[in-house]
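Trainee: I would like the atomic coordinates for the input below:
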Amino acid sequence: MPNSEIKRGRDAVSLVISQVFQEGPWKDTSFEDPDLQSLSSRLQETVLLARAPGTVNTYVRAFIKRKEFALRKKELSYFPANPMHVAVYLQYVLESTRSSASVDTAFYCIKWAHESAGLVSPADNPLVNRVRHAAKKILGTKRGNRKEPLSVEILKDIIDGSDLSNTLQLRNVCLYVLCYAGFFRSGEVTSIRRSHIKFLEDHMIIKVEKSKTDQL
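Mentor: Predicted coordinates:
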C-alpha cells in the first residue's frame, strides 16, 4: 500500500477519534493544570484500548460511511445520533449490502462511538435493536438452512476485528483466509501439516491428502 494511502487512513482514524472525544463528558476536560491535561490525554488512550486496534479501525471506517450517508441526505444526524436516524441507516445497510454482518458492523460502530464519548448509545434503543435482530432473520430465511458463503466483506470484517498480535486470533484468521483463497473445506484445512506445504517463488503448493470431493 502506498505511503500516501496509509497516511490518509491514519488521518481518517485521527479525525473520527477527535470527533468522538469532543462530545459528552469530554467537553469538560479543558483543564489548565498540566497534570490534569496529561491525565485527560492518557484517559483517551485508555478508552480506545478497550477494543483491539483492528476493531477500532473497522468501527472508524463504518463511522465514516455513516457520516457520508448522513451528509448526503442532509436531514440525518450522524453524531451524536438520533435513534430513528440510526434505524433508517441500518435499513439502508440491510438493503444495500444484503449482509447481516455489515448491519452488525454499523450497529456496533454507532455503539462504540457513543459509549466512547460517554453518551447514551442509540444502539440501546428498542427500535434500533429490533432492526438489527430483524436483519438476521430477513437475510437468514431466504436461503433456509443452507450455509451462507463467506463473502469478502465478512472476511475483511473478521480480519479488521482481530488482534493479529494475538497468536490464537492470528491462527484463526489464517485458517479463514486459507479456506477462502484455496476453496478448502474446514476439515481439509485442519488436516494440513507443515510437511504438506511447499513455498515457491510466486505461489505455494498445499498437498491435501484426503478430500471429500475425491472420486473413486
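Trainee: can you confirm residue 198 is in a strand?
Mentor: Yes - applying DSSP: H, G, I helix; E, B strand; the rest coil, one finds residue 198 inside a strand.
Trainee: tell me the centre residue of this protein?
Mentor: Against the mean C-alpha coordinate of the chain, by Cα atoms, centre = their mean, the closest residue is residue 58 at 3.7 Å.
Trainee: OK, contacts around the closest residue to it other than its chain neighbours?
Mentor: Among residues not flanking residue 58 along the chain, residue 160 sits closest, at 3.9 Å (Cβ to Cβ, 6 or more residues apart in numbering). For every residue, glycine as well, the C-beta is placed using N, CA and C. For residue 160, the contacting residues are 54-55, 57-58, 61, by Cβ atoms under 8 Å, 6 or more residues apart in numbering.
Trainee: okay if I get the residues you listed as CSV plus pLDDT and secondary structure?
Mentor: Output for those, formatted as CSV (pLDDT from 0 to 100; DSSP: H, G, I helix; E, B strand; the rest coil):
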residue, pLDDT, secondary structure
54, 82, helix
55, 85, helix
57, 85, helix
58, 88, helix
61, 89, helix
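Trainee: adding distance to residue 168, write those residues out as TSV.
Mentor: Shown next, in TSV, are the contacts of residue 160 (distance: Cβ to Cβ, whole Å):
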residue	distance to residue 168
54	14
55	16
57	20
58	19
61	24
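Trainee: on that earlier part again, any idea of the pLDDT on the residue nearest to residue 58?
Mentor: On pLDDT, residue 160 comes in at 79.
Trainee: how close does it get to residue 86?
Mentor: To residue 86, residue 160 is 21 Å away according to Cβ to Cβ, to the nearest Å.
Trainee: quick one: low-confidence ranges for the chain?
Mentor: Scanning the chain for pLDDT under 70 picks out the ranges 1-12, 140-149, 211-216.
Trainee: quick one: the strands in it?
Mentor: Assigned by DSSP state E, the strands in the chain fall at 197-199, 204-206.
Trainee: how about those strands, which one is nearest residue 189?
Mentor: Closest approach to residue 189 among the strands of the chain (Cβ to Cβ): strand 204-206, 9.0 Å.
Trainee: which residue ranges form the helices in this protein?
Mentor: Taking DSSP state H as the test, the helices found in the chain are 3-20, 34-48, 53-73, 83-97, 100-116, 126-141, 152-160, 167-182, 186-190.
Trainee: quick one: contacts of the third one?
Mentor: Contacts to helix 53-73, defined as Cβ under 8 Å, 6+ apart, come from residues 12-13, 16-17, 48, 51, 76-79, 85, 89, 92, 105-106, 108-110, 112-113, 157, 159-164.
Trainee: from the residues you listed, list the buried ones, please.
Mentor: Listed as buried from these are 13, 16-17, 51, 76, 78-79, 85, 89, 92, 105-106, 108-110, 112-113, 157, 160-162; burial here means 16 or more other Cβ atoms under 10 Å.
Trainee: returning to what we had before: now tabulate the strands of the chain in JSON lines and tack on mean neighbour count.
Mentor: Formatted as JSON lines, the strands of the chain follow (neighbours: other Cβ atoms under 10 Å):
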{"stretch": "strand 197-199", "mean neighbour count": "9"}
{"stretch": "strand 204-206", "mean neighbour count": "11"}
